[in-house]
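the sequence isn't on hand, but the structure is:
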């Protein structure tokens, strides 16, 4: 097994308050740049031994997130699926907070669950599925900012969850793949082989903003690694979540896969 690597990077940036106020005075609040921006991100190897959840612990986490986020929880508006062609293997979770000068702007909770699919391809690769989830919400409606001498309103601006696959693995399928704007329900499913039904079939509410899936293959940047990201962008003062699913082919004869998991969060304040 490869040596686990994990890093947390938090970047906090102030944007010129005077310029933002200058735009605000002409009444174009919707187009004014934010006064402050706070972002946080984390990347970790799924080959690490620490932080792994078993099936029972993951079920408990799912229940906790349902209480916290309602129908924006890990399984969206649906009950936890019982796929007939997949076996739960493990899961991981994390939480990010975007803060500035001691004030916390927003929180994001995220999870990735790995399922072994009961299928192999002609090259002898075993198929696995990664279920991706992230939900975020502002922690406050407003924050007092000494630089402008007034309170500023807080909103989510972006968050994302995704995986970079092992260089020997191939991305076969992913969902969703199209960019869409809210409000609407978004379906996440992948087809089964035995009866044509869905192995996973879940809906989640896109209340506002834009859903942004991104797929990269070996031709993108020449890094030799397929990847899938599911993210959200907008300006929203409530709870928002995203779900994504990718199906991967992994060699059964090679070393343990070194798939990396990434989560990011951004919130901002406007006068």
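Alright, I've got the coordinates. Only a predicted model underlies this, so the values are computations on that prediction, with no experimental measurement involved.

could you use CA atoms for every contact and neighbour count after this?
OK.

beta partners of residue 111?
The partner list for residue 111 in beta bridges (DSSP bridges) reads residue 93, residue 133.

what do you get for residue 43?
Listed by DSSP bridges, the beta-bridge partners for residue 43 are residue 7, residue 262.

pLDDT wise, what is it at?
Listed pLDDT for residue 43 reads 93.

how about residue 244?
Listed pLDDT for residue 244 reads 96.

same check, this time on residue 71
pLDDT for residue 71: 95.

find the nearest non-adjacent residue to residue 139, please.
Excluding the flanking residues, the one nearest residue 139 by CA to CA, 6 or more residues apart in numbering is residue 106, at 4.8 Å.

and the one you found, backbone torsions?
With angles defined as degrees, to the nearest 10, residue 106 sits at phi -150, psi 160.

pLDDT weak spots in this protein?
Low-confidence segments of the chain (pLDDT under 70): 1-31, 122, 191-198, 217-223, 253-257.

got the contact list for the spatially most central residue of it?
Nearest to the mean C-alpha position of the chain, counting by CA atoms, centre = their mean, stands residue 161 at 2.4 Å. Neighbouring residues of residue 161 by CA atoms under 8 Å, 6 or more residues apart in numbering: 110, 132, 133, 134, 229, 230, 231, 261, 262, 263, 264.

closest to residue 118 among the residues you listed?
Proximity of these to residue 118 (CA to CA) peaks at residue 132, which lies at 19.8 Å.

quick check, the closest one in contact with residue 160.
No: in this structure, residue 132 is not within contact of residue 160 by CA atoms under 8 Å, at 9.9 Å.

could you measure from residue 144 over to residue 55?
43 Å (CA to CA, to the nearest Å).

again with residue 99
As for residue 99, its distance to residue 55 is 32 Å (criterion: CA to CA).

more neighbours: which of the two?
Between residue 99 and residue 55, residue 99 has the larger neighbour count (other CA atoms under 10 Å), namely 21 against 14.

give me the beta-bridge partners of residue 246?
Beta bridges link residue 246 to residue 130, residue 174, judged by DSSP bridges.

helices along the stretch 1-150 of the chain, start to end?
Counting by DSSP state H, counting those that start in this stretch, the stretch 1-150 of the chain has helices at residues 17-24, 55-69.

got the buried residues for the last one?
So that's helix 55-69. By neighbour count with 16 or more other CA atoms under 10 Å, helix 55-69 contains the buried residues 58, 61, 62, 65, 66, 69.

adding distance to residue 87, write the residues you listed out as a markdown table.
As requested, the buried residues of helix 55-69 are exported to a markdown table (distance: CA to CA, whole Å):
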| residue | distance to residue 87 |
| --- | --- |
| 58 | 14 |
| 61 | 18 |
| 62 | 17 |
| 65 | 22 |
| 66 | 22 |
| 69 | 26 |
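
which among those gets closest to residue 35?
Taking CA to CA as the measure, residue 35 lies nearest residue 69 of the buried residues of helix 55-69, at 28.0 Å.
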